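In: Give me a 3D structure for the following:
(one chain, ligands or ions: 2)
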Amino acid sequence: MTTLLTKEAYYQIAEKLVLPSKSFINGQPYSAKSGKLFQTTNPATGEVLASLPACSAEDVDYAVSCAKAAWKDGRWSKQHPASRKQVLIKLAELIEANATELAVMESLDSGKTIYDCQLVDLHETVNCLRWHAEAIDKIYDQVSPASNNHLAMVVREPVGVVGLVLPWNFPLLMMAWKIGPALAAGCTLVIKPAAETSLTAIRVAELALEAGVPAGVLNIVTGSGREVGEPIGRHMDIDAVSFTGSTETGRRFLQYSAESNLKEVVLEMGGKNPCVVMDDVKNIDAVAQHIVNGAFWNMGENCSAISRLIVHKDIKDKLLEKVYGYADEWKVGDPLDPQFRVGPLVSKSHYEKVSSYLDDGKVLYGGKTHDGRYVEPTIIDVPSNSAKSAKEEIFGPILVVITVDSFKEAIEIANETVYGLAASVFTDNGTRAMRAARALRAGTVTVNSFGEGDITTPFGGFGQSGFGGRDNSVHAHDQYTQLKTIWLDLNTSEEEEV
Ligand SMILES: NC(=O)C1=CN([C@@H]2O[C@H](COP(=O)(O)OP(=O)(O)OC[C@H]3O[C@@H](n4cnc5c(N)ncnc54)[C@H](O)[C@@H]3O)[C@@H](O)[C@H]2O)C=CC1
Ligand code: BAL
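Out: Ligands and ions are numbered 1, 2, ... in the order given. Down below sits the predicted model:
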């Protein structure tokens, strides 16, 4: 899984791939009741890859009724924790056994490079499911410090039927971030993959059934946000929704909840993530490498991507020279060829959006587009943090540079955003590093590196980047469970006092 093949080998696998053509409900392939279809295309070529059911509210109703039946009879939640653990481990193993095919399918459907799909997404997906599987029989409930005359237990129970609404930038991995803890908790699921990238979700649902996840527990409904996402958000029999995507759509889920059954809503949304570099850094090469990776990895289609480089004026030129050098290594091209680190953007409309920011500042590096699909890694200089490209989430390989005179100014500008997902700071001054880590308003702050932590650390945002819960770590289980207090009065029994 962690070794790359040749381009020719990936093309051979692609030719033989059997692509899903149906949704997956109650353990069966499923066509929309209306019979309608939509097409999913290969972002690298614009060619149609597959046609999938364009489901709507009536199909969501059916999926929810199956998930509810599975929830009510406890076919999953009431299994012994050790047994659910084995099933989830088996699912991780099956994904690992099919990793190369899944990586190719993901690359074809999303435009993500095979380099990333194979080495990052598939690897992390398997790791995530294994981690949550192992947690199932290691998380204990609590006994509260109530009086001697009472026994007060605080137990966690699965929340019930959960809607998972997924983005297109890490289709498989975001699915794993959510199904791992949701299945670990014992919930039953109605999953809506992004319309652009539904294929791997359907394949994983098939593998889940093979692993032993009972029919009806993990259901996939394909289609658009309006036709499938909204009915999930408004459904009276869905107890919670976990969403990853744009802030605009996240807002709608709050509205849907308020106007329906007040279901719990967890939102993981956009970012405009600052990277502060101070003039005291010594290993400029390492800093430059982190910046290039943080800004251009996954074509910048990453909610935690470095999108604002806030750099001290005394180090700016020296640092940028190094950044250009490392960016030169990120070649743009065919995503199925493992030599390329930058593929096409996910869709024509997203390409139009991203390329509209290219003339928002002075282009320092890159700036070109190719085939109406690819945007080169690009660095633009802007006069201040009020530039459009410094305020809005671009979600593409465009890094905006803002020059500052002091540490104080850098932190103030870093926090001048409605978002608060991730931030990074590079400095060789330990006190400064800790001050910055405390002062930066973001769910994840990395010091002298770029990253999102790992499966052991919670991931989520401050401000308009999200709220309601966290993905990853044991904290992710809070999204899919609710607390119950069981209070026993030991004085009212007939038993003699002892
Ligand atoms: N935080 C993140 O990881 C992501 C952020 N984005 C941001 O969002 C921008 C737009 O991308 P989109 O694909 O349009 O994101 P989106 O937020 O519209 O899509 C995310 C999910 O929500 C669903 N959805 C869309 N409209 C809906 C509605 N009205 N009701 C219910 N569900 C709905 C989509 O079908 C998809 O499954 C991107 O340019 C980027 O800035 C996009 C994807 C992921
Ligand atoms: N970087 C993983 C989370 C996201 O982009 O939505």
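In: rest of the way, CA atoms for contacts and neighbours
Out: OK.
In: mean confidence for stretch 140-147?
Out: Mean per-residue pLDDT for stretch 140-147: 96.
In: To clarify, my last question referred to stretch 475-488.
Out: On average, stretch 475-488 scores 97.
In: ok, it near ligand 2 or not?
Out: No - figure legend: stretch 475-488 not in contact with ligand 2 (CA under 6 Å from any ligand atom); closest approach 13.7 Å.
In: And that stretch, end to end?
Out: 28 Å (CA to CA, to the nearest Å).
In: count of neighbours near the residue of the stretch 251-400 of the chain found nearest ligand 1?
Out: Nearest to ligand 1 in the stretch 251-400 of the chain, going by CA to the nearest ligand atom, is residue 269, at a distance of 3.8 Å. Residues near residue 269, counting by other CA atoms under 10 Å, number 28.
In: residue contacts, it?
Out: Residues near residue 269 by CA atoms under 8 Å, 6 or more residues apart in numbering: 244, 245, 246, 247, 250, 303, 461, 464, 465, 466.
In: Of the residues you listed, just the buried ones, PyMOL syntax please.
Out: Filtering those down to the buried ones (16 or more other CA atoms under 10 Å) takes a single PyMOL command:
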select buried, resi 244+245+246+247+250+303+461+464+465+466
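In: Which two among the contacts of residue 269 are spaced furthest apart?
Out: Farthest apart among these by CA to CA are 250 and 303. That separation is 13.6 Å.
In: is ligand 2 contacted by stretch 418-428?
Out: No - legend: contact between stretch 418-428 and ligand 2 by CA under 6 Å from any ligand atom is lacking; minimum distance shown is 9.7 Å.
In: ok, residue 160 touching residue 239?
Out: Yes - using CA atoms under 8 Å, residue 160 is in contact with residue 239, at 6.0 Å.
In: now the helices: where do they sit in the stretch 351-498 of the chain?
Out: Ranges of helices in the stretch 351-498 of the chain, per DSSP state H, counting those that start in this stretch, are 388-391, 407-414, 430-439, 476-479.
In: What does the pLDDT read for residue 498?
Out: Listed pLDDT for residue 498 reads 63.
In: Could you say which helix or strand holds the residue nearest to the spatial centre of the chain?
Out: The residue lying closest to the centre of the chain (CA atoms, centre = their mean) is residue 174, at 3.8 Å. Per DSSP states H and E: residue 174 is located in helix 171-185.
In: just checking, what packs against that helix?
Out: Contacts defined by 3 or more CA pairs under 8 Å, 6 or more residues apart in numbering; DSSP states H and E place helix 171-185 against helix 81-97, helix 123-135, helix 199-211, helix 476-479.
In: close to ligand 2, is it?
Out: No - judged by CA under 6 Å from any ligand atom, helix 171-185 and ligand 2 are separated, with a smallest distance of 6.8 Å.
In: Dump the helices and strands packed on helix 171-185 into a markdown table; add mean neighbour count and distance to residue 421 as well.
Out: A markdown table is the format used below for those (neighbours: other CA atoms under 10 Å; distance: least, CA to CA, whole Å):
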| stretch | mean neighbour count | distance to residue 421 |
| --- | --- | --- |
| helix 81-97 | 20 | 28 |
| helix 123-135 | 22 | 20 |
| helix 199-211 | 22 | 25 |
| helix 476-479 | 24 | 16 |
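In: Can you convert the ones you listed into TSV and add a column each for distance to ligand 1?
Out: Shown next, in TSV, are the helices and strands packed on helix 171-185 (distance: least, CA to the nearest ligand atom, whole Å):
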stretch	distance to ligand 1
helix 81-97	22
helix 123-135	16
helix 199-211	12
helix 476-479	16
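In: near ligand 1, which residues of the stretch 1-150 of the chain show up?
Out: Counting by CA under 6 Å from any ligand atom, no residue of the stretch 1-150 of the chain is near ligand 1.
In: Which elements pack onto the strand or helix carrying residue 10?
Out: For residue 10, the element it lies in under DSSP H and E is helix 7-16. Applying 3+ CA pairs under 8 Å, 6+ apart, we find helix 7-16 packed against helix 99-110.
In: For the helix it packs on, which helices and strands make contact with it?
Out: Short answer (3+ CA pairs under 8 Å, 6+ apart): helix 99-110 packs on helix 7-16, helix 114-116, helix 199-211.
In: Among those, which comes closest to residue 288?
Out: helix 114-116 (19.9 Å).
In: Distance of the residue of the stretch 51-200 of the chain found nearest ligand 1 relative to ligand 2?
Out: At 3.5 Å from ligand 1, residue 194 is the closest residue in the stretch 51-200 of the chain, using CA to the nearest ligand atom. With distances taken as CA to the nearest ligand atom, to the nearest Å, residue 194 is found 12 Å from ligand 2.
In: Now residue 156: closest residue in space, sequence neighbours ignored.
Out: Of all residues not flanking residue 156 in the chain, residue 483 sits nearest, at 4.7 Å (CA to CA, 6 or more residues apart in numbering).
In: and the helix holding residue 174 with helix 123-135, angle?
Out: Relative orientation of helix 171-185 versus helix 123-135 (axes from the mean of the first three to the mean of the last three CA atoms, to 10 degrees): 0 degrees.
In: what's in contact with helix 171-185?
Out: By CA under 8 Å, 6+ apart, the list of residues contacting helix 171-185 reads 77, 84-85, 88, 106, 121-122, 124-125, 128-129, 132-133, 135-136, 157-158, 162, 164, 166-167, 188-189, 193-194, 197-198, 200-201, 242, 244, 471-472, 476-477, 479-481.
In: And stretch 126-146, by the same measure?
Out: When contacts are defined by CA under 8 Å, 6+ apart, stretch 126-146 is touched by residues 81-82, 84-86, 88-89, 91-93, 95-96, 151-156, 176-177, 180-181, 184-185, 455, 472, 474.
In: Kindly recompute the last result at 7 Å.
Out: If you take CA atoms under 7 Å, 6 or more residues apart in numbering as the criterion, stretch 126-146 is touched by 81-82, 85, 88-89, 92, 95-96, 152-156, 176-177, 180-181, 184, 455.
In: do stretch 435-443 as well
Out: 411, 415, 420, 421, 422, 423, 445, 459, 460, 461, 462.
In: Can you name the residues of the stretch 301-450 of the chain sitting close to ligand 2?
Out: Going by CA under 6 Å from any ligand atom, the residues of the stretch 301-450 of the chain near ligand 2 are 302, 303, 304.
In: Same list, the residues you listed, but as TSV with secondary structure, distance to ligand 1 and pLDDT please.
Out: Shown next, in TSV, are these (DSSP: H, G, I helix; E, B strand; the rest coil; distance: CA to the nearest ligand atom, whole Å; pLDDT from 0 to 100):
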residue	secondary structure	distance to ligand 1	pLDDT
302	coil	6	98
303	coil	4	97
304	coil	8	98
